[in-house]
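>>> Generate a structure from the sequence data that follows.
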Amino acid sequence: MSLNNENEYKGRLIAAVKKEVKQVMEESVTRKFVHEESGSVTSLCAAVEACLSQGLRRRALGLFKTSSTTALLHKIAKHSREAAIISKKVQEIENSDPNRRSSSSSESLTKPTLKKNHSLPSTPLPKYLWIRLALFEKQLAKIIDYLVSNANKYYDKDALVADPDYGSILSSLLVGPCALDYSRTKTPDHFWTDPPADELVQRHRISSSHSTPPPVRRPILNFRRSLNASSEDSITNRTTTQHLAKDYVESLHQNSRATLLFGKNNVLVLPVNADVSQPMPGYLSLHQTASGLTIKWTPNQLMNGFTDEVQDKSVFWDYALQVRLDEIVYVHCHQDSETGGTVILVGQDGVQRPPIHFPKGGHMLAFLSCIETGLLPRGRLDPPLWSQRCSNKRRRPLPALSETEETTKDYVFRIADNTTHKDILKQNELMDTHIALPPKSRVQLPSTSTSSESSTKSFSIDQNAPDSPPSICIQAVCDSMKRQIISRAFYGWLAYCRHLSTVRTHLSGLVNSKIVNGEGASDGITVEKWNELCTDGVVTDHAELYRLTYFGGIAHDLRKDLWPYLLGHYKFGSTTQQRMELSEETKQAYENTMSEWLAVEAIVRQRDKETQANAIAKLSSESMSGEQVPAQIQRDLSNEVFEDNISDEDSGPNVEEEDKPERTRQNTIKYDSDPEQDEKEERYQQQQLKDFIHNVIVTNASVDMGNLGSEIEANGHRNDLDVVAEENSSLDTCIETHGLASPAMSTCVSPASSNGGVYSQELLETFGLNLHRIEKDVQRCDRNYWYFTVENLDKLRNVMCTYVWEHLDIGYMQGMCDLVAPLLVIFNDESLTYACFCHLMERMVENFPNGNAMDCHFANMRSLIQILDSEMYELMHSHGDYTHFYFCYRWFLLDFKRELVYPDVYATWEVIWAAQHVASSHFVLFLALALLETYRDIILSNCMDFTDIIKFFNEMAERHNAAAVLSLARDLVLQLQLLIENK
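Residues are numbered from 1 along each chain as shown. I've put the predicted structure just below:
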């Protein structure tokens, strides 16, 4: 090999390591963990194995009877402490079961191992054992560093590890993966790791295509005592089929339970039960498990990434092939000069499997080679695919399978069993004496094992028939069966009545008693329909509006006009003039309220500046190392609005304790009508401004105020306010000098006049705390959505602050911004958004921690799923008992806002609002149940626990089919209504 080819090959090896390292690191970031049996870890170990094997001197390894890189590890363990640790662990694992050897390279696959008991094969060790252990123990990079430093002892001079550049690159690449912590949270049955939600949905789509939701395909009430054997068998068969389909799909992914020996796409197969006349392209794979080899073929229509959209994939799922190789006796190979070859498998019963047509490129030869390798050591191809020359020990394929031949040739291989006759007899001793041969042994007889077993069973029945007692009376048997049938029917009816009574008692309040017909309402409210409902600007038929909204939704352009009706802001029957007056009143009230809290916000900002300046002063005094601190910095800047502990010297001899006014006030000071008391209050305020100017916070009145007395009062305090301005200026200068940014100020100007006043300390602290929470959440609210620019985020903040100012007893809680955001996007008007949000919070406020609605939701969900899907409930109860339904908390808190994209949020919210008047005031429960039922088969087949289901729905957020979920939720409501009415 030339120098350029050598460098190119080493470059490809390093590129492969880079790719796998990147994959592992990305998996650790996106999924927050990496499983030890992850496919990316296996691929990384394979890439490292290829690099370490390149240019390795075999004669330097000694007489180790193991794979090359494992022998290298044992060799350097004498000189490297890290290698000694890993070598000891490998030896301990291998010595625990002598029949199992490490499979660190491909050589171990060709060496047959002797096993004492063929019927109980031992579980093979993971591939690349020592590399895995070194990676998990964070020693792999250090071991490779040692190999690079001492490469001249173990490698050829042109090897990758001996190269000073490539060797250092290899060790550096592995530093990152060695620093990770690898998870072993799953049992050996789950070595395929935790797939993400997308992959679970894709696997379910492949295995079951369009599955019918359980409320449609199963009866509501399921009583085991009244079920006959045939229905139980059908349920068992369905469960078995789903389990087989799940295993089939998972086996297509590389995992530790099954090794993928061969895989090729676009292999043509004509299934037996297919309606097409031409062979279909698909993916052919050969898998090796502990029980043997399996050949699988899947049509392209079921594979991920198939370009053409197919509506019903269940038909193609029936075309998928799965053939166990221990059921095959002969392999017919047909070579054609125009194609890549055809393989026909013939079973023990003589039936041929569908022909497998390979594309050109030697794929048929590779497929047969993988079969021959996988059969070892228990089986072989007869004649062998590879012949061996005695002269130079080189192996070559049979000439009949060479693609260079232009003639058409056929070849037949027999799958022979290497098990001796004594081994078969030993196995037979452990089995029933009536069975002549073991189930897995290959027989070269034309008859099948199935037919022989069937004939044996029928013969034994004929023999036992005369032994049956003749005294049995047929009439007694019939009477007994009659009594059993009547008894089962009675107890089933009794259980149904009791259950129905429970349903009516506990669940009747979840739905409306009257069932509304949805015929003709699937289109919802269109522009034409709205013109019919709104005659001369007046909407009178509110029942029809609710019905159309519930069953069909609202056109997007009409939501701004209709949502205020649904939320209760506009009254049905109101005229256009009345609604305009209401809007004007709402706007004026909103501006007045906003002016109040903007004034308080200015005070809170000033207090924040004082707190910041106080911290700067303390830091400055500590950094002066004992020097005299300037008087201005020595002064204690108080964080409090008022201080009651005023000394006698400061207050003056004429100010007595009983003359101090009351300190506890609400939004603004309300003075008494007593002139003497007013005068005392004024004198006290002036004295406090002079002596403790930094402790007093007064808001300046706006110049546009119409109250002359207030203007005079403001002018009278002008000198004091100038002192406040100077104080604020000095604080700003202090902050700027120390390089500290001042707190963020609202860019919005008060739309109305801000009345001056003094506010209580408790009010300032409460509103300030809520203000900081609002600012944090507003900046994070749907930052990727196009609407929320800086200007619109300020609108959202204004609405939220106005609500909190009017409801300080409730305050701000996380999630309220999510409820305001869709309203603001639709209305694009602050006052209308605020008014509708207040109506929305009348229902939603109980979902927050101050209310008790969330516990009611969880209890009702528990009852609903027990009645409508008992199988799902049993799974939740048995896997960690997460029937508390805490994973639904975010769904109920925000009305599924974070689970859906914005257009789906609009459609879902308006259906929830309309459902209160049409079907159910608890429609969110049926939405949650519909969301669970949509992914029911995925949850059941993967036996998800509480952590799994939270992870699944978090990853599936904003990816749900909202239209299908809403339709299913309406069906669930109707189902419960019919159940309560017993129709």
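>>> Just the helices from the stretch 201-350 of the chain, written as ranges.
Assigned by DSSP state H, counting those that start in this stretch, the stretch 201-350 of the chain shows helices spanning 214-217, 229-251, 314-319.
>>> weakest of the ones you listed by average pLDDT?
Out of those, helix 214-217 stands lowest, with a mean of 40 (criterion: mean pLDDT).
>>> any idea whether Leu180 is helix, strand or coil?
Secondary structure assignment for Leu180 (DSSP: H, G, I helix; E, B strand; the rest coil): coil.
>>> could you list every residue that touches Asp561?
Trp530 (CB atoms under 8 Å, 6 or more residues apart in numbering). In this view, the C-beta of every residue, glycine as well, is placed from N, C-alpha and C.
>>> What strand or helix carries it?
Using DSSP states H and E, Asp561 maps to helix 559-567.
>>> Give the other helices and strands that the helix or strand that that helix is followed by contacts.
Next helix or strand after helix 559-567 toward the C-terminus (DSSP H and E): helix 576-622. The elements that helix 576-622 packs onto, with contact taken as 3 or more CB pairs under 8 Å, 6 or more residues apart in numbering; DSSP states H and E, are helix 631-634, helix 718-737, helix 761-780, helix 790-806, helix 830-844.
>>> for stretch 332-342, what is the average pLDDT?
Stretch 332-342 comes out at a mean pLDDT of 84.
>>> hang on, I meant stretch 798-817
Over the span of stretch 798-817, the pLDDT mean works out to 94.
>>> Could you pull up the mean pLDDT of stretch 92-99?
pLDDT averaged over stretch 92-99 gives 71.
>>> swap that for stretch 133-151, please
Stretch 133-151 comes out with an average pLDDT of 91.
>>> Just the buried positions in the strand or helix carrying Lys19, please.
Secondary structure assigned from DSSP H and E places Lys19 in helix 3-30. Neighbour counts using 16 or more other CB atoms under 10 Å place 6, 10, 13-14, 16-17, 20-21, 23-25, 27-28 of helix 3-30 among the buried residues.
>>> ok, the helix or strand that comes right after it: who's next to it in the sheet?
Using DSSP H and E, the helix or strand that follows helix 3-30 in sequence is strand 34-35. Here strand 34-35 is paired, per DSSP bridges, with strand 182-183 (parallel).
>>> State the mean pLDDT of the helix holding Lys19.
Here the average pLDDT along helix 3-30 is 86.
>>> Same question for stretch 261-279.
Stretch 261-279 carries an average pLDDT of 85.
>>> Span of that stretch from start to end?
From its first residue to its last, stretch 261-279 covers 24 Å (CA to CA, to the nearest Å).
>>> And the contacts of it?
With CB under 8 Å, 6+ apart, stretch 261-279 has contacts from 280-288, 293, 297, 300, 318-319, 321, 354-359, 363, 366-367, 370, 373-374.
>>> Throw together a PyMOL command that grabs the buried residues out of the residues you listed.
Here is the PyMOL command that picks out the buried ones among the contacts of stretch 261-279, judged by 16+ other CB under 10 Å:
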select buried, resi 280+281+282+283+284+285+286+287+288+293+297+300+319+321+354+356+357+358+359+363+367+370+373+374
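>>> Show me the contacts of stretch 261-279 that map onto strands.
Counting by DSSP state E, the contacts of stretch 261-279 place 280-288, 293, 297, 321, 356-357 in strands.
>>> can you redo the residues you listed as CSV with distance to Lys618?
Listed next are these as CSV, based on distance: CB to CB, whole Å:
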residue, distance to Lys618
Met280, 79
Pro281, 76
Gly282, 74
Tyr283, 70
Leu284, 75
Ser285, 70
Leu286, 74
His287, 70
Gln288, 71
Leu293, 76
Trp297, 76
Leu321, 78
Ile356, 81
His357, 83
